[in-house]
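In: Need coordinates for the below:
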Amino acid sequence: MVQTSWTTTGVFTGQGGVRTDEAGVVTGELTVHTTWDGRQAVVRVQYSGTSRWFTLTGSPVPCPSRQGSRDLHQSVVEAVRAGGGTTVPHHDKLWVRP
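Out: The predicted structure is shown next:
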């Protein structure tokens, strides 16, 4: 099984934070982590310096390519910085096509 992951630390949420499945909206300094298994990407966030991960609402996302998972991760980081109760952004043309 192919597995790749991307991690960005020290990401401050914009006003309104991000929406997670487990904790609702979270705000503050987060670590963003994306794991790709060859078929889909799972996006999680955690408060920097803690051990508990939260699934970003809208995850997992179909993603058939490694580059697509990297592009998705970067889009998520940008969305977290924008805030507004963001979820996993949907840009099908970037990461759904092989």
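
In: Tell me who's in contact with the residue nearest to the spatial centre of the chain.
Out: Geometric centre of the chain, nearest residue: Val43, 3.6 Å, by Cα atoms, centre = their mean. Residues in contact with Val43 (Cβ atoms under 8 Å, 6 or more residues apart in numbering) are 32-34, 55-56, 58-61, 72-73, 76, 88. (Glycine included, C-beta is placed from N, CA and C.)

In: let's go with 6 Å and repeat that
Out: Contacts for Val43 were tallied using Cβ atoms under 6 Å, 6 or more residues apart in numbering; they are 34, 56, 59, 76, 88.

In: What lies in contact with the one helix or strand the first one maps to?
Out: When secondary structure is defined by DSSP states H and E, Thr34 falls within strand 29-36. By Cβ under 6 Å, 6+ apart, the list of residues contacting strand 29-36 from outside reads 4-9, 11-12, 41-46, 48, 69, 73, 76-77, 80.

In: Filter the residues you listed down to just the buried residues.
Out: 6, 8, 11, 41-46, 69, 73, 76-77, 80 (16 or more other Cβ atoms under 10 Å).
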